[in-house]
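Enquirer: below are the sequence and a predicted model; questions follow.
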Amino acid sequence: MGIFDFIGSIFKPAADLVDNLHTSDEERLELQKQMMKIQTDLHAKLLEYETKLMEAQSSIITAEANSQSWIARNWRPITMLTFLVLVVLSSLGVLGVHVHEEFWTILKIGLGGYVIGRSAEKIVPQVFKKHEMAAKG
């Protein structure tokens, strides 16, 4: 269940209650409108939070990629390649032991963060360049 489904499930009992109230149609519609606004505002706050979280993660990865230190630039790719090799070898039965499910999770999070950071590193300068050109003329 996604977070938006969860939020919807929180509001569903109240929405059902409003539908079953013995009030005028106008009062019922006003209550439904207010509940929908609250739910929409909650979704907007959640999206804002997720955006800020992704921006923070992206800035960390971008800072690592732009670092002058070799180890700071390369620790994430080396770690992810190590996990990838372990998962592949385990899947092929070469290791003789089965790696934990968490290895997949770490691999997904690490590679996903790396891809987002590297993409932001390439896209952000182009966006700023276009914004500066638009501001000039």
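Expert: Great, that's in hand. The structure displayed is predicted, hence computed values, not measured ones.
Enquirer: how distant is stretch 63-72 from the center of its chain?
Expert: Centre-to-centre, stretch 63-72 and its host chain are 24 Å apart (Cα atoms, centre = their mean, to the nearest Å).
Enquirer: right, I mislabeled it, should have said stretch 24-42
Expert: 29 Å.
Enquirer: what of stretch 76-84?
Expert: 21 Å.
Enquirer: repeat for stretch 102-115
Expert: Mean-position distance between stretch 102-115 and its chain equals 13 Å (Cα atoms, centre = their mean).
Enquirer: tell me, what's the model's pLDDT at residue 88?
Expert: The per-residue pLDDT reported for residue 88 equals 84.
Enquirer: break down the protein into its helices, ranges please.
Expert: With helices called from DSSP state H, the chain shows them at 3-20, 25-66, 70-92, 101-136.
Enquirer: want to throw the ones you listed into TSV with mean neighbour count?
Expert: The way it works is simple: take the backbone N, C-alpha and C, and place the C-beta from them, glycine included. What follows is those, written out as TSV (neighbours: other Cβ atoms under 10 Å):
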stretch	mean neighbour count
helix 3-20	12
helix 25-66	13
helix 70-92	13
helix 101-136	12
